[in-house]
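In: Sequence plus the predicted model coming up.
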Amino acid sequence: MAKHGKKYLEAKTKVDQEALLSPKEALQLVKDTAYTKFDSTVEVHLRTGLDPRQADQQIRSTVVLPNGLGKTVRVLVFAQGEAANAAREAGADVVADDDEWIKKIQDGYTDFDVAIATPETMGMAGKLGRVLGPRGLMPNPKAGTVVKGEDLPQAISEAKAGRVEFRLDKTANIHVPLGKVSFDIDKLTDNMAALMSAIKKAKPSAAKGSFIRKITVTSTMGPGVKVDVNRALSMEREE
């Protein structure tokens, strides 16, 4: 077991390990127990009842967090011709439209947070699987990152606004960032409501038994706070 520092242990004393809190109460406690000098990321961790070995029990989707993630998102777009021009006009930080860029990325350039591709350039992106795959940067239609040229402006603006991808991992868990500790509590709650709505929509039809078994919210390096699953699944966004 990893040894935790004094600040972590101090923060943990404020968290009742048995209590199941409402999403808003849990997020407030995460804010109250964050102790890093930098602006920590707030994360939600969901334990599902899915079997990740079954192809019909996978989850991979996206959600646009209404209040963003609190960070500048750098977007790289694989596009050529008119689509490349459209990507530049839409505010893409990098437009990879030739072999020079392919080589640069193969050599380790990953100074971007999201990669988007048009269907015509998936061959280019496909050559970069070893670099992009392990970092979760490979464009994928299910993640909304493979789009037609005319849809690039919307995809770019959504990525910059706070669209995040969520997927089931090999241990049947889903991990998603929600924003920053400095966010107003209502903004964090609103982001979580949007996420829970998207999770419910993404539920595989083959799911058996309880879909979401456990929900924990935490900050970077902070203690986990348990959330009442039923209250989380019934969250509504406040308009």
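Out: Right, received. Where do you want to start? Numbering: from 1, shown residues only.

In: was I right about R167 contacting P52?
Out: No: counting by CB atoms under 8 Å, R167 does not reach P52; the two are 9.8 Å apart. The way it works is simple: take the backbone N, C-alpha and C, and place the C-beta from them, glycine included.

In: who touches both of those two?
Out: Q58 (CB atoms under 8 Å, 6 or more residues apart in numbering).

In: Name the nearest residue to Q80, sequence neighbours excluded.
Out: In space, not counting the residues next to it along the chain, Q80 is nearest to D97; the distance is 5.0 Å by CB to CB, 6 or more residues apart in numbering.

In: Model confidence for the one you found, exactly?
Out: As summarised for this prediction, D97 has a pLDDT of 92.

In: which residues does it contact?
Out: D97 makes contact with 78-80, 84, 121 under the criterion CB under 8 Å, 6+ apart.

In: Tell me if K37 really is in a helix.
Out: No: following the definition DSSP: H, G, I helix; E, B strand; the rest coil, K37 is coil and is not counted among the residues of a helix.

In: Could you give the number of residues near it?
Out: Counted with other CB atoms under 10 Å, the burial measure for K37 works out to 5 neighbours.

In: Among the contacts of D97, which are located in helices?
Out: Within those, residues falling in helices by DSSP state H are A84.

In: Scan the contacts of D97 and report the most crowded one.
Out: Ranked by neighbour count under the definition other CB under 10 Å, the contacts of D97 are headed by F78 with 29 neighbours.

In: Kindly state the beta-bridge partners for that one.
Out: When bridges are taken as DSSP bridges, the partners of F78 come out as A96, A117.

In: Check what pLDDT it gets.
Out: Here, the pLDDT recorded for F78 equals 96.
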